[in-house]
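Enquirer: for reference, the sequence and a predicted model appear below.
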2 protein chains.
Amino acid sequence: MSRSGHAASVKDVAAAAGVSLGTVSNVLNRPERVSTSTRERVEQAMAELGFVRNETARQLRAGSSRTLAYVMLDAGNPFFTDVAHGMEDAAEDADLSLFLCNSNHLPEREAAYLGRLEQQRVQGVLITPIDPEHPLLEELPARGTPVVVVDRTRDVETHCSVAVDDVHGGRIAAEHLLELGHERIAFVGGPEAIGQVRDRLAGARLAVEAAGLPPSALHVLTTDALTVPQGRDAGARLLARPARERPTAAMCVNDVLALGLLQRCVGLGLDVPDDLAIVGYDDIDFASAATVPLTSVRQPRHLIGSKAAELVIDEAGDPGHHHEQVLFTPDLVVRASTRRPA
Amino acid sequence: MSRSGHAASVKDVAAAAGVSLGTVSNVLNRPERVSTSTRERVEQAMAELGFVRNETARQLRAGSSRTLAYVMLDAGNPFFTDVAHGMEDAAEDADLSLFLCNSNHLPEREAAYLGRLEQQRVQGVLITPIDPEHPLLEELPARGTPVVVVDRTRDVETHCSVAVDDVHGGRIAAEHLLELGHERIAFVGGPEAIGQVRDRLAGARLAVEAAGLPPSALHVLTTDALTVPQGRDAGARLLARPARERPTAAMCVNDVLALGLLQRCVGLGLDVPDDLAIVGYDDIDFASAATVPLTSVRQPRHLIGSKAAELVIDEAGDPGHHHEQVLFTPDLVVRASTRRPA
DNA sequence: CCTCCGGATTGAAACGTTACAACAACAGAG
DNA sequence: CTCTGTTGTTGTAACGTTTCAATCCGGAGG
């Protein structure tokens, strides 16, 4: 392969092989139409020149690209990387590439990525948006770029979405604690602006009500974010209460939060699960790797991703596509962090 | 914005605004050359038609794209996402987009991504390769696509690399334990095929030697991978030894491994750090969030990423670029998981 | 010997953008 | 009035690929 001047083009290959540029293209795209001898000659020329097809030009001519993109909310959260994993597998099956973009909770960055992706004419965009109401989420599909919303919902006609039933998830987490006999349960999470926080809380309330307990059985401990430090802080606030009226169990909106809570509580001398039972949410790998393995609500992460990718691929390819709102049901994984109250 | 037919092009905008297509291009690229009134007319037409610049065509004409890509080894490992973070920031400063690709330890997927990225003519590729000796890593730069190797090294003339001094990291981890007075230290990690495992072990051996202890003071516990389950397994093997000859401290190649080890040891009734001190490596967020916060070797993750991105940007832009092998020095973060032996 | 056929190959047009030389319009200087 | 700028606008030629109608050629059928 030569490094001379600029990258070799079909024209250069054609010249080197002594054929027309149309023939080179045929070798690339419809090899069966080319005689064996010329094909070999062309292939050799390509190898010698180190020819690399210019996807940009192909795409311009063809109008379509071979890539999907997932704009993720937080690449540092294992939940989202597992979702991305599912997408990758589906993309690979369809012979597409998946590019990951990390908005990292920054609205400007999210908008910038969406803009670039639309300009690049990607086949479709998967996104876990910072704000599901953002107008761009309607504009892209209106202009022809399919968008699938992942792990959020919005009942709107412009796109498909794949999410998980958070009310149900909150409910089964609370039910589990109630069945164990806990009657004072802390709900840890926030801010309430986040849809999942609201939904999971609503589910927990349903469970409390169904168990015939008063709403006050649920002690809401609001946090500023779903992070480890906020979990630690919630732990400190919990411990500040007199033991008599302190909840005997806590359910967290997030495993990450639960890990912070667990750390602080154990650090301050509480026994988990005997003094305080803890339920997390998401079932990230680190939840089962905690010193006291966490009971957690598991979401079908891989499936969320692969289903979302399938939807966006379908929308891009099938003119008769009709939008779909998929809702998966989470389940509970019981581990050592929950037990009957002492 | 109209959704009629196909996406609006500069030509459509020009027609709608009653100007030539060159003028539209000027509005886009050199607005100062256009009179205010025509500019406004063109801008209005663009808004009405929902014009989105076709980056593909721009790029074909310009020859250069506005994107970088990072082919990461394992998007589920927080270390790499933090590195990616640093790259994002540097890319944003240079007004480039960063696409993340997850090879996920699969050689075919890594090769597929490299191929597509080269075809897309990205400005540059950042990669933490599965195998630093892979021939593609030389071919891309030879054909004109800059490649920077991240968190691996290879003394070769074809590319820059950014890595961390693993021998030094292994050394300071071991020194810390030795200074605390530990004389039987387990080294947990593997397989040895991984360069970092070899280097960190070498560093640990240097420290032991410098402390005047025999090489046998270091008990090597080889694992099959750097994962939580492997850490648990190592813990079980450690505990199987009679207490008298059991190491009083362990240093792990990885925090993830260390978390598994911690979990199993505590689960089997050992006190950490009193019965067993543990040092991790990478200082991932979950290391400080563990029930017993982990002492760990910290690498400048963000800096690794931003430096790597700067190098690749420089190589892409500056014809006089000369390759550079950057080596950062890690440091130790002491937390509750290490203490003087009982 | 002419015609026709089918496979192999070619040449030109098109995709949407940008750059650039050329041009128009008009003002002010001489 | 002409000349010289200046300012704004236009038309056209690329960029590298794919597609498709047109052509070429050798051989089979009449």
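Expert: Looks like it came in fine.
Enquirer: could you pull out the strands for chain A?
Expert: With DSSP state E, the ranges of strands along chain A come out as A:67-72, A:97-102, A:124-127, A:147-150, A:160-164, A:185-189, A:218-222, A:249-252, A:277-282, A:295-298, A:325-328, A:331-333.
Enquirer: return the nearest residue of the stretch 151-300 of chain A with respect to DNA strand C.
Expert: Proximity to DNA strand C, evaluated over the stretch 151-300 of chain A using CB to the nearest atom of the strand, is greatest for A:T158 at 23.0 Å. The C-beta positions use only the backbone N, C-alpha and C, and glycine is treated the same way.
Enquirer: what is the burial count for that residue?
Expert: A count of nearby residues for A:T158, using other CB atoms under 10 Å in any protein chain shown, gives 15.
Enquirer: ok, A:E175 next?
Expert: By other CB under 10 Å, 18 other residues sit near A:E175.
Enquirer: pLDDT weak spots in the stretch 51-200 of chain A?
Expert: Counting by pLDDT under 70, the stretch 51-200 of chain A contains no low-confidence range.
Enquirer: which residue does it have closest to DNA strand C?
Expert: Counting by CB to the nearest atom of the strand, the stretch 51-200 of chain A gets nearest DNA strand C through A:R61, at 3.5 Å.
Enquirer: just list the residues touching that residue, thanks.
Expert: By CB atoms under 8 Å, 6 or more residues apart in numbering or on different chains, the contact set of A:R61 is empty.
Enquirer: mind doing that once more with 10 Å?
Expert: B:T56, B:L60 (CB atoms under 10 Å, 6 or more residues apart in numbering or on different chains).
Enquirer: and for A:H159?
Expert: Taking CB under 10 Å, 6+ apart, we find A:H159 in contact with A:124-125, A:127, A:137-138, A:140-141, A:146-149, A:311-312, A:315, A:323-325.
Enquirer: on that earlier part again, who wins for proximity to B:F99 among the strands of chain A?
Expert: In terms of CB to CB, the element of these nearest to B:F99 is strand A:97-102, at 4.0 Å.
Enquirer: just the angle between that closest one and strand A:67-72, please?
Expert: Computed by axes from the mean of the first three to the mean of the last three CA atoms, to 10 degrees, the angle separating strand A:97-102 from strand A:67-72 equals 20 degrees.
Enquirer: elements contacting strand A:97-102?
Expert: If you count contacts as 3 or more CB pairs under 10 Å, 6 or more residues apart in numbering or on different chains; DSSP states H and E, strand A:97-102 packs onto strand A:67-72, helix A:78-93, helix A:107-119, strand A:124-127, strand B:67-72, helix B:78-93, strand B:97-102, helix B:107-119.
Enquirer: switch to 8 Å and redo it
Expert: Applying 3 or more CB pairs under 8 Å, 6 or more residues apart in numbering or on different chains; DSSP states H and E, we find strand A:97-102 packed against strand A:67-72, helix A:78-93, helix A:107-119, helix B:78-93, strand B:97-102, helix B:107-119.
Enquirer: let me know which of the ones you listed is the nearest to DNA strand D.
Expert: With CB to the nearest atom of the strand, the closest approach to DNA strand D among those belongs to helix B:107-119: 8.7 Å.
Enquirer: list of residues touching that closest one?
Expert: A:52-55, A:66-67, A:88, A:92, A:97, B:69, B:71, B:101-103, B:125, B:127, B:129-131, B:134, B:136, B:140, B:143, B:145.
Enquirer: now that helix: buried residues?
Expert: Using 16 or more other CB atoms under 10 Å in any protein chain shown as the test for burial, helix B:107-119 gives B:R109, B:E110, B:A112, B:Y113, B:L114, B:G115, B:R116, B:L117, B:E118, B:Q119.
Enquirer: which positions within stretch A:148-163 qualify as buried?
Expert: When burial is assessed from 16+ other CB under 10 Å, stretch A:148-163 yields the following buried residues: A:V148, A:V149, A:V150, A:D151, A:R152, A:T153, A:R154, A:H159, A:C160, A:S161, A:V162, A:A163.
Enquirer: pretty sure A:P132 contacts A:I194?
Expert: No. Using CB atoms under 8 Å, A:P132 is not in contact with A:I194, being 10.6 Å away.
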